[in-house]
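Novice: I'll drop the sequence and a predicted model, then ask my questions.
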Amino acid sequence: MKLKVAIQKSGRLSEKSLELLKECGIKVSNGDRKLKTAAQNFPMEILFLRDDDIPQYVEQGVADIGILGENEVLEKDKNVAIIERLGFGNCRLSLAIPKDDVYDSVSYFQGKKVATSYPKILSKFFLEKKIDAAIEEIGGSVEIATSIGLADGIFDIVSTGSTLLMNGLKEIETVLTSEAVMISNKNLTKDKSEILDKLLFRIKAFKNGARNKYIVLNAPNESLEKICTLVPGMRTPTILPLADSGWSSIHSVIEEDDFWNVIDALKSYGAEGILVIPIEKMIV
Ligand code: ATP
Ligand code: ZN
């Protein structure tokens, strides 16, 4: 029994998807760029597909799970479950208009025409905002649609905005922020669910590891209590006495998000010799 995983064959998400499997200890060789390959040390088969096809294949059970952009999942709107957010492939789907146009609110689009490769997501947005606009579906090169007179505005993926600028456009509304997600067929057999649980367990350990840092520092004993509340760790921090009486070494785990704030506070309590070490995997 093997879990069939669909990932993007070649594109922005391919490398990161393979890297994620590798971080989960799963060995995949795709040297010869086949359509499918089996993992060497995990009950898994990997299918390499166009991202557009992945939701449909997962819905039908041709693949059991898939990795792709949330934007694509929402646009295809198939009967699949989003089971994990993966933290890469971040982008946003935005509305853009010619840069010299005045924009006050979304009512700008009333009666206008917008070109996009994401008609479903856009029509849902316009429906929510009660805007009656025409949607022109096109396959690619959306950013040139206004300059060639095809539409009044566009709705497309934006990452830095420089492509928009080059085409004389400005971003005026973000409709969706997206990242790569894992989707699953809704009727997996018990055997496959068990393999999937193992995979998700590993992904979580990897994500926790990436989000946290191991921290080691020396602290004067009088500020131990304050410092321990700053770096509470997984259960509690480890405190070891230093040869120099009056000082201790503290070992703990902190989150990347509030990292610099914690470091600043630690210094103000007299902490010294602070080491911050990456964590490869973290099982809580
Ligand atoms: P395929 O040949 O598989 O259909 P594609 O051309 O549709 O590929 P890519 O351009 O490789 O797709 O993008 C895949 C996904 O990467 C997007 O759907 C989106 O979720 C994400 N992504 C992240 N940043 C960007 C970006 N700057 N431009 C486009 N997509 C991005
Ligand atoms: Zn695609």
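Specialist: Received it, and whenever you're ready, just let me know what you need. Ligands and ions are numbered 1, 2, ... in the order given.
Novice: C-alpha from now on. contacts and neighbour counts both.
Specialist: Fine.
Novice: quick check: mean pLDDT of stretch 39-49?
Specialist: Here stretch 39-49 scores 96 as its mean pLDDT.
Novice: mind listing what's buried in that stretch?
Specialist: 39, 42, 44-49 (16 or more other C-alpha atoms under 10 Å).
Novice: how far does it sit from its chain's centre?
Specialist: The chain centroid and the centroid of stretch 39-49 are separated by 21 Å under C-alpha atoms, centre = their mean, to the nearest Å.
Novice: same check on stretch 100-110?
Specialist: With C-alpha atoms, centre = their mean, you get 31 Å for stretch 100-110.
Novice: state the mean pLDDT of it.
Specialist: 96.
Novice: for it, list the C-alpha coordinates in PDB.
Specialist: Taking C-alpha atoms only, stretch 100-110 is exported to PDB below (Å, rounded to 0.1, in the frame of the first residue of the first chain):
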ATOM      1  CA  ASP A 100      -3.000  57.200 -13.400                       C
ATOM      2  CA  ASP A 101      -6.600  56.200 -12.700                       C
ATOM      3  CA  VAL A 102      -8.200  57.500  -9.400                       C
ATOM      4  CA  TYR A 103      -9.300  54.800  -7.100                       C
ATOM      5  CA  ASP A 104     -11.500  55.400  -4.000                       C
ATOM      6  CA  SER A 105     -13.200  52.100  -3.400                       C
ATOM      7  CA  VAL A 106     -14.100  48.800  -5.000                       C
ATOM      8  CA  SER A 107     -17.100  50.500  -6.600                       C
ATOM      9  CA  TYR A 108     -14.600  51.700  -9.200                       C
ATOM     10  CA  PHE A 109     -15.200  48.300 -10.900                       C
ATOM     11  CA  GLN A 110     -18.900  48.700 -11.300                       C
END
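Novice: give me the residues contacting that stretch.
Specialist: 129, 131-133, 172-173 (C-alpha atoms under 8 Å, 6 or more residues apart in numbering).
Novice: find the pair from those with maximum spatial separation.
Specialist: Spanning the widest gap among these are 132 and 172, at 17.8 Å by C-alpha to C-alpha.
Novice: how about residue 214, what does it touch?
Specialist: 251-254, 276-279.
Novice: could I get the buried residue list for the helix or strand harbouring it?
Specialist: Element membership for residue 214 (DSSP states H and E) is strand 212-220. Neighbour counts over strand 212-220 (16+ other C-alpha under 10 Å) mark 212-220 as buried.
Novice: okay, now the sheet partners of it, with direction.
Specialist: Strand 212-220 pairs in its sheet with strand 247-255 (antiparallel), strand 272-278 (antiparallel), by DSSP bridges.
Novice: so which of the ones you listed comes closest to residue 165?
Specialist: Of the strands paired with strand 212-220, nearest to residue 165 by C-alpha to C-alpha is strand 247-255, at 36.3 Å.
Novice: run through the bridge partners of the nearest residue to residue 82 once chain neighbours are set aside.
Specialist: Closest residue to residue 82 apart from its sequence neighbours, by C-alpha to C-alpha, 6 or more residues apart in numbering: residue 183 at 4.4 Å. Following DSSP bridges, residue 183 is listed with bridge partners residue 66, residue 82.
Novice: what pLDDT does residue 183 get?
Specialist: On the pLDDT scale, residue 183 is placed at 98.
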